[in-house]
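> I need the structure of the sequence given here:
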Amino acid sequence: MESYLNQNFDVKAKHSSEEALEKWRNLCGVVKNPKRRFRFTANLSKRYEAAAMRRTNQEKLRIAVLVSKAAFQFISGVAPSEYTVAEEVKAAGFDICADELGSIVESHDVKKLKFHGGVDGLACKLKASPTEGLSTTNASHLSQRQDLFGINKFAESELKSFWLFVWEALQDMTLMILGVCAFVSLIVGIATEGWPKGSHDGLGIVASILLVVFVTATSDYRQSLQFRDLDKEKKKITVQVTRNGFRQKMSIYELLPGDVVHLGIGDQVPADGLFLSGFSVVIDESSLTGESEPVMVNAENPFLLSGTKVQDGSCKMMVTTVGMRTQWGKLMATLTEGGDDETPLQVKLNGVATIIGKIGLFFAVVTFAVLVQGMFMRKLSMKTHWIWSGDEALELLEYFAIAVTIVVVAVPEGLPLAVTLSLAFAMKKMMNDKALVRHLAACETMGSATTICSDKTGTLTTNHMTVVKSCICMSVQDVANNGGSWRSEIPESAVKLLVQSIFNNTGGEVVVNKLGKTEILGSPTETAILELGLSLGGKFQEERKSCKVVKVEPFNSTKKRMGVVIELPEGGGRLRAHTKGASEIVLAACDKVVNSSGEVVPLDEESVNYLNVKINEFANEALRTLCLAYMDLENGFSPDEAIPASGFTCVGIVGIKDPVRPGVKESVELCRRAGITVRMVTGDNINTAKAIARECGILTDDGIAIEGPVFREKSQEELLELIPKIQVMARSSPMDKHTLVKQLRTTFDEVVAVTGDGTNDAPALHEADIGLAMGIAGTEVAKESADVIILDDNFSTIVTVAKWGRSVYINIQKFVQFQLTVNVVALIVNFSSACLTGDAPLTAVQLLWVNMIMDTLGALALATEPPNNELMKRLPVGRRGNFITNAMWRNILGQSVYQFIVIWFLQAKGKSVFGLDGPDSTLMLNTLIFNCFVFCQVFNEISSREMEERDVFKGILDNYVFVVVIGATVFFQIIIIEFLGTFASTTPLTLVQWIFSIFIGFLGMPIAAGLKTIPV
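Next up, the predicted model:
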């Protein structure tokens, strides 16, 4: 079976081809209810629509760019087009409507933009300020703006009502056939036996069908609500916005035309807008147009489209168009309907359901044929084959109902849906544990992970950074412990240089918030450096206003430094370049240094060695080191040129403390015991990385720490020997991380989880089996490439995700083991009995009840088992593990044989053992068989909680769902036997028979425990 499934029902956890997704759908032959079976699978037709829409967008933008280029050439000679403001827009106090605004950006219409007075003119017409942003003090103006220009939300599919799930559950082909049988049974029964006696069989089937339908619909409806809640969480995106003169964090769904948004590397453009100011802005429009070529955005080409990504640079933009008025809004509506790819387990279990469904259909046809043949033989022997009574017609109908019900029980429709149920349950619980799962398959795959490649900053460390040591002007200062006395050790000229460098060469900002307090915005590293600048007595706003910024080169992980060119305030057009970044890289670009007297002197070998020693000292204390340097540009500078790469003067080195998170060491040790290798991949100095890795327990005596540039130079043969030993990779580039992940996945067949927070991590996150993005420090690009978002950026949460992943995988295995046992026994009992005795001991109503126990209720009980710490003491399944293991087959076959022997014994000897005689003896025996069969399933369900361990009661009370399901099953079984005999073809049992039934069921537990001792 496993090889058949791997050949035909095998899809990847990520990036499956459309052919693979189509293939397994076509192989699903026996499907009782396609609506339900394929509810949580991708809608391929909607995906084709989205792809077509992207192509249209690409063509539109290509034409728009060509038109705008032509417009640039002829703009002076063209008369401006007429535009009349609608009365309702004028009445609201605006001078431009939403359609006109939308057409300017979407069509890249330079002519219209110029006609409306450029970006400043549009801001004026929108009653907004390019510096202060929107004013929202007047609530009525705000609601008018929303009414006229719309809100920044996309159209979503409506939540299905409960009754729609009921309707979908009724689409089950076998239930429909049984419904027809019940209807015919009612008519024939009432016609022959009168009301109410003749209606019992038919009403029993109808009641069973309705019970199955309502229980199924309730389970499915709850699932849909859980997915809806998770979808809402996925869409929580915040941006930095200037509104009412203050910079603040705001949800993208609150944005309105006129808002001023601050964008940086890795951000997603939240709405259509126009560039206000910024440097080196490169936009990736592939998500909207499919075009991989990045686009430069500046004052000449100021158009920014919603849904595109900032690949490089930073800028301020003014929002012009929001929500469904943007092309991204329309594309998102279609993409959402496309749905998530189905998970490998869903597909595999669809395969299992298909195989067993075909077997079940064969047995059902044969059972029906045998029962009918027995009936015909009996009538032939009595010479009454031409005469048919109502009772015989009902008997024939009952045979057909039994055959159909065998299909109901035999086709495990619930298998693929149990995966979804378990995943929905796990995703909801993981959300509470600070992990947001973006793709269903990640839950499963994480359970098989064998390697975690983790970032250092913010994941293993707290990401709360402070400068604790510095080496400025060739002398070391203990910044953390000396109060403010260390400032007096630095010459005044050097302090001015430092303040100028810190406040101009930064991606952060010092602002005054609504409460009038000073607030530092930016990454933790920038915040630490800006705090140093403030402690030196610098004033951020004054410093920024005194210098004119000529060019900015933002930090990127390839160069490992950032730079700025400013025009000095003294006048005369003097230019100065400042740079900061990885200490050894910036120091290598310096040929001069500021000495302890504040003078600039050549950087000789002795000074270089001294500074390198200090860098290593800081790094060995687990400090992150940065070097700050400057250069006076005597020969002029053009903004089109790159900032020089050498010739700088070193001002100083700072050591930043970023403490290790509490609990990380224990989590790393837990991973090691669970067979998961943890590797640290960081851009930091190798000594800092090694110190932190030792503190976390990642770097062991037999492990290797390597630098990215060294790793890059290795041959494939050397990598084969090296990679298994690598525990730390420092000074790594994004491509180093990608190479490591690819090698681990392809060459070493590992299941790799990767953490990332920056834009440059996107390739590695995409390549990995499970991409884990950071929720706090992560960019939108990283989050979009990831499968799971770690909301608290904590490594311990990653271990929790692995634990939940294993729990999902094992829970589904437990459910499959339980359901296949019921399938096998129900099939064999009814088939063999029909063949040998010409009668089926389990009626249609009884089989429907058994189907509900094993399908919906069984899935609820077993697929929602919470994880326990024992899960992390097992080795991971890895990439090649069989889903239905030998241990599962052992348990299934052992239980099936036991249950079959018991039922067969009762059929053969039951009447004599219990002294049953008289007209109701067969009904009494069949009731006893049905009761024993159900209690066998109840106790087998408890045994299925553990596939290898014998103690199945451990932690049973922690799962209240399991206890409730078992309790409800027993309660309703008593009701069915004792009070619903007329409908369910049962009769009340004696106390001895009840005790016997429970004992027979319970006996399955020591047998199951005994089976677990058999090695496989």
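> could you pull out the helices for the stretch 901-1016 of the chain?
With helices called from DSSP state H, counting those that start in this stretch, the stretch 901-1016 of the chain shows them at 921-943, 960-979, 981-984, 991-1011.
> Point out the one among the ones you listed that comes closest to residue 514.
For those, the distance to residue 514 is smallest for helix 960-979, at 45.7 Å, taking C-beta to C-beta. For glycine as for every other residue, the C-beta is placed from the backbone atoms N, C-alpha and C.
> If we go by neighbour counts, what in the closest one is buried?
961-962, 965-966, 969, 972-973, 976-977 (16 or more other C-beta atoms under 10 Å).
> Show me what that helix is packed up against.
Packing partners of helix 960-979 (3 or more C-beta pairs under 8 Å, 6 or more residues apart in numbering; DSSP states H and E): helix 858-862, helix 921-943.
> Pull the distance from it to the chain's centre.
36 Å (C-alpha atoms, centre = their mean, to the nearest Å).
> quick revisit: need the helices and strands packed on helix 960-979 in JSON lines with mean pLDDT, distance to residue 203 and mean neighbour count, can you?
What follows is the helices and strands packed on helix 960-979, written out as JSON lines (pLDDT from 0 to 100; distance: least, C-beta to C-beta, whole Å; neighbours: other C-beta atoms under 10 Å):
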{"stretch": "helix 858-862", "mean pLDDT": "84", "distance to residue 203": "26", "mean neighbour count": "26"}
{"stretch": "helix 921-943", "mean pLDDT": "92", "distance to residue 203": "18", "mean neighbour count": "22"}
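> Could you save those helices as TSV and add columns showing distance to residue 559?
TSV is the format used below for these (distance: least, C-beta to C-beta, whole Å):
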stretch	distance to residue 559
helix 858-862	53
helix 921-943	60
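> Tell me which of the ones you listed lies nearest to residue 612.
Nearest of the helices and strands packed on helix 960-979 (C-beta to C-beta): helix 858-862, 60.5 Å.
> residues making contact with the closest one?
219, 414, 417-418, 421-422, 811, 814-815, 818-819, 822, 941, 944-945, 959, 961-962, 965-966 (C-beta atoms under 8 Å, 6 or more residues apart in numbering).
> For the helices of the stretch 901-1016 of the chain, could you give me a markdown table that also reports distance to residue 614?
Listed next are those as a markdown table, based on distance: least, C-beta to C-beta, whole Å:
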| stretch | distance to residue 614 |
| --- | --- |
| helix 921-943 | 65 |
| helix 960-979 | 59 |
| helix 981-984 | 85 |
| helix 991-1011 | 65 |
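> just so I know, which of these lies nearest residue 271?
Between residue 271 and the helices of the stretch 901-1016 of the chain, the shortest separation by C-beta to C-beta is 43.0 Å, and it involves helix 960-979.
> what residues are up against residue 851?
212, 405, 408-409.
> any idea how far residue 747 is from it?
Distance, residue 851 to residue 747, using C-beta to C-beta, to the nearest Å: 47 Å.
> now residue 741
11 Å.
> Which of the two has more residues huddled nearby?
residue 741 (26 against 12; other C-beta atoms under 10 Å).
> Mind putting the buried residues of helix 960-979 into a markdown table with distance to residue 762 and pLDDT?
Formatted as a markdown table, those follow (distance: C-beta to C-beta, whole Å; pLDDT from 0 to 100):
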| residue | distance to residue 762 | pLDDT |
| --- | --- | --- |
| 961 | 39 | 88 |
| 962 | 41 | 91 |
| 965 | 43 | 91 |
| 966 | 47 | 93 |
| 969 | 49 | 92 |
| 972 | 52 | 91 |
| 973 | 55 | 92 |
| 976 | 57 | 90 |
| 977 | 61 | 92 |
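> Now do the helices in the stretch 751-900 of the chain.
According to DSSP H, counting those that start in this stretch, the helices that the stretch 751-900 of the chain contains are 762-767, 780-785, 795-837, 844-852, 858-862, 886-913.
> starting at the chain centroid, how far to the longest one?
Going back to what we said before, that points to helix 795-837. Using C-alpha atoms, centre = their mean, the offset of helix 795-837 from its chain centre is 25 Å.
> ok so, going back, who wins for proximity to residue 321 among the helices of the stretch 901-1016 of the chain?
With C-beta to C-beta as the criterion, residue 321 lies closest to helix 960-979 of these, at 47.1 Å.
> how much does the closest one deviate in direction from helix 991-1011?
150 degrees (axes from the mean of the first three to the mean of the last three C-alpha atoms, to 10 degrees).
> can you offset everything so residue one is 26?
Sure, I'll start counting at 26 from here, so that last one is helix 985-1004.
> which other residues reach helix 985-1004?
For helix 985-1004, contacts defined as C-beta under 8 Å, 6+ apart pick out 874, 878, 882-883, 885-887, 889-890, 952, 955-956, 959-960, 963, 966-967, 970, 981-982, 1009, 1011-1014.
> how does it look with 7 Å?
Helix 985-1004 has contacts (C-beta atoms under 7 Å, 6 or more residues apart in numbering) with 874, 878, 882, 885-886, 889-890, 952, 956, 959, 963, 966, 981-982, 1009, 1011, 1013-1014.
> Next: stretch 951-965.
The contact list for stretch 951-965 (C-beta under 7 Å, 6+ apart) reads 843, 846-847, 866-867, 871, 875, 878-879, 920, 924, 927-928, 931-932, 935, 991, 994-995, 998, 1002, 1011-1012, 1014, 1018, 1022-1023, 1025-1027, 1029-1030.
> Can I get it in PDB, CA atoms only?
Listed in PDB are the C-alpha atoms of stretch 951-965, where the atom choice follows Å, rounded to 0.1, in the frame of the first residue of the first chain:
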ATOM      1  CA  ASN A 951     -27.600  -9.800  17.100                       C
ATOM      2  CA  THR A 952     -28.100  -7.100  19.700                       C
ATOM      3  CA  LEU A 953     -25.400  -8.800  21.900                       C
ATOM      4  CA  ILE A 954     -23.100  -9.000  18.900                       C
ATOM      5  CA  PHE A 955     -23.700  -5.300  18.100                       C
ATOM      6  CA  ASN A 956     -23.100  -4.300  21.800                       C
ATOM      7  CA  CYS A 957     -19.900  -6.400  22.000                       C
ATOM      8  CA  PHE A 958     -18.700  -4.900  18.700                       C
ATOM      9  CA  VAL A 959     -19.300  -1.300  19.900                       C
ATOM     10  CA  PHE A 960     -17.600  -1.900  23.300                       C
ATOM     11  CA  CYS A 961     -14.700  -3.400  21.400                       C
ATOM     12  CA  GLN A 962     -14.400  -0.100  19.500                       C
ATOM     13  CA  VAL A 963     -14.700   2.000  22.700                       C
ATOM     14  CA  PHE A 964     -11.800   0.100  24.400                       C
ATOM     15  CA  ASN A 965      -9.800  -0.100  21.200                       C
END
